[in-house]
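K.L.:
Give me the fold of what follows.
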Amino acid sequence: MPGNLVIETMMQNDPFSQWLGLQLDDYGTGWCKLHFTIRPDMLNGFGIVHGGVVFSAADSAFAFACNSHGRLSVALDVQISFIRAAKAGDKLFVDAREVHLGNKTSFYDITVNNELNEVVATFKSTAYRTSKNYLDEVKKL
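P.N.:
Numbering: from 1, shown residues only. The predicted structure follows:
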């Protein structure tokens, strides 16, 4: 399955996703499920998770899902809606699903839920699919 090797390689080479504490739960071609726990250093001045942290976790899941086909893909457009706050100690679950796969673009819906399965955020995204092979490109780094 191409998605597995690409996603595993991406995670190994992604210090920011590692800093977030993202843990891959399940993944394959066109999709990815992961989770992480909100730490005190991820909070904003109101004592709740900074929106950028939730955005970044959803963006990482999006990147894993859209690159899983093996073609190097980059974000063209993303949109996030924050539904519910989270606080330190909360575990968040991120589920990225491919909605459409075209030759040049692909579309994804990403949902971030808390441990009570309540929606924390929704993230919709569009990727541009280059003609480059992801694994070939990462070897050049």
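
K.L.:
Asn4 belongs to a helix, doesn't it?
P.N.:
Yes - per DSSP: H, G, I helix; E, B strand; the rest coil, Asn4 lies within a helix segment.

K.L.:
so how many other residues sit close to it?
P.N.:
Neighbour count of Asn4, defined by other Cβ atoms under 10 Å: 13. (C-beta placed from N, C-alpha, C; glycine too.)

K.L.:
Okay, it and Asp90: tell me how far apart.
P.N.:
Asn4 sits 28 Å away from Asp90, going by Cβ to Cβ, to the nearest Å.

K.L.:
For this protein, which segments count as strands?
P.N.:
Taking DSSP state E as the criterion, the chain carries its strands at 23-28, 31-37, 71-82, 91-101, 105-113, 119-133.

K.L.:
export those to TSV and tack on mean pLDDT, distance to Ser56 and mean neighbour count?
P.N.:
Formatted as TSV, the entries for these read as follows, by pLDDT from 0 to 100; distance: least, Cβ to Cβ, whole Å; neighbours: other Cβ atoms under 10 Å:
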stretch	mean pLDDT	distance to Ser56	mean neighbour count
strand 23-28	96	15	15
strand 31-37	98	10	21
strand 71-82	98	10	15
strand 91-101	98	10	18
strand 105-113	98	11	20
strand 119-133	98	10	17
